[in-house]
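Q: A predicted structure for the sequence below; I have some questions about it.
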Amino acid sequence: MSHHHYQQFFDWVAGSVPEAIKLVGPMQIAPLAGDAGFRRYYRTNTAPSLIAVDSPPAKENNTAYLNTSHALQSGGVRTPIIYAVDAERGFMLLEDFGEQLLLPLLDQESVHSLYDQAETCLLKIQQLQPNIQIFPDYDSQSLSDEMALFRHWFVGELLGSSLDKNEIAMLESLFASLVENALEQPQVLVHRDYHSRNLMLLADGDMGVIDFQDAVWGPVTYDLVSLLKDCYIRWPAAMVRQRTLAFKGRLLEADPSLEIGDHEFLRWFDLMGLQRHIKVMGIFARLALRDGKHNYLQDLPMVIDYSLEAADQYPQSEEFCRWFRQRISPLLQSQSWYSSANKADL
């Protein structure tokens, strides 16, 4: 960031602090670790502290962030209060949710109450009304485009392999059935990255939600599978199944007109997870190779395990599972991120 840009940003932040918030000595802003995007975050030395965001409008969809934030807040979901915005320059001043991500708090004891809270919050998100002005449809094109990242970035760029036309046809047939599985579900508001690094425990005990700017109108199991088959922490399959069906029970209580059998809901959930994890293999490879964020490779072994476990259970994905084990698994052995993860499991 140029000195001139930083000075403009700093001056805007200093001039935008609401009256109710006290200055503690001369204004200061301290940089915070960023996420996978182009936004830069800073914490102010006010009381209470605030988060100042420099989010270049050409690179980040700030309008979607603001619209989604208001929509979620209208449904009683805690997202950071927006104190000030300069839309043209992409500057924002937000409530500070603190540091307490869900991920480090999770263990065998805490998981049930924390996930109960996260699922209650998810139900609130899913009860919001459709708004076509704000939320695009998670349509077959978007779902397919995401899965195409697997072939290009994971198989091609990361593993250095190319597929023949039979392999491509097999993948396209699987992808078509995964799209069908997504579109036949009840459609609701989908956060799209609803997991333990985007949920926070706030000082007042409430659950806060961040990183929601990519929200879409899509399948009811999408956020649930992001939460329960989290790419950064793993839970026993029996617990995931039990929580999935308990959530289905809460959905049916909220909307008695829904009729969904357990087997159907589990299939929706597992195959939705497969769609998501095929996409994630491509995205984590791209984050490492294109964006230099190599730590994402360490999270790939778990994503691969999730994918194969789900694919193994359903007729429409069995062939993919066999193919992956025969054709892709041998290529993984030479990858340092894969072999080191597997040694750690032994």
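A: Cool, the structure landed.

Q: all contacts plus neighbour counts: C-alpha atoms, from now on.
A: Will do.

Q: Give me the mean pLDDT for stretch 53-66.
A: Summarised as a single mean, pLDDT over stretch 53-66 is 92.

Q: Only the buried residues of it, if you could.
A: 53-57, 62, 64-66 (16 or more other Cα atoms under 10 Å).

Q: in a strand, that's where Trp217 is, yeah?
A: Yes. The assignment for Trp217 (DSSP: H, G, I helix; E, B strand; the rest coil) places it in a strand.

Q: Spatially central residue for the chain, please.
A: Against the mean C-alpha coordinate of the chain, by Cα atoms, centre = their mean, the closest residue is Asp193 at 1.5 Å.

Q: if I look at it, how far off is Arg327?
A: Here the distance between Asp193 and Arg327 works out to 30 Å (Cα to Cα, to the nearest Å).

Q: Spell out the secondary structure type for Gly160.
A: At Gly160 the chain is in coil, as set by three-state DSSP.

Q: and it, how many neighbours?
A: Counted with other Cα atoms under 10 Å, the neighbours of Gly160 add up to 11.

Q: what do you get for the one 5 residues further on?
A: Taking other Cα under 10 Å as the criterion, the count of residues near Lys165 is 9.

Q: Report pLDDT for it.
A: At Lys165 the predicted local confidence, pLDDT, stands at 98.

Q: same deal with Asp345?
A: Listed pLDDT for Asp345 reads 50.

Q: Check Ile132 too.
A: In the prediction, the pLDDT value recorded for Ile132 is 70.

Q: Surely it forms part of a strand?
A: No. Assignment of Ile132 by three-state DSSP gives coil, placing it outside any strand.

Q: Quick check: it vs Thr63, distance?
A: Relative to Thr63, Ile132 is positioned 14 Å away (criterion: Cα to Cα).

Q: How about Ile278?
A: Here the criterion is Cα to Cα. By it, Ile278 lies 29 Å from Thr63.

Q: Now, the buried residues of stretch 53-66 that are in helices?
A: Cross-referencing these with the helices (criterion: DSSP state H) gives 62, 64-66 as the overlap.

Q: Rounded mean pLDDT for stretch 277-297, please.
A: Averaged across stretch 277-297, pLDDT comes to 96.

Q: and it, which residues are buried?
A: Of the residues in stretch 277-297, those with enough neighbours to count as buried (16+ other Cα under 10 Å) are 277-289, 294, 296-297.

Q: my guess is Tyr306 meets Lys229, correct?
A: Yes. The pair Tyr306 / Lys229 is scored as a contact, 7.5 Å apart, by Cα atoms under 8 Å.

Q: what do the two both touch?
A: Residues touching both Tyr306 and Lys229 by Cα atoms under 8 Å, 6 or more residues apart in numbering: Gly273.

Q: Any chance you could list what contacts stretch 4-14?
A: In this structure, residues lying in contact with stretch 4-14 by Cα under 8 Å, 6+ apart are 27, 29, 52, 54, 91, 93.
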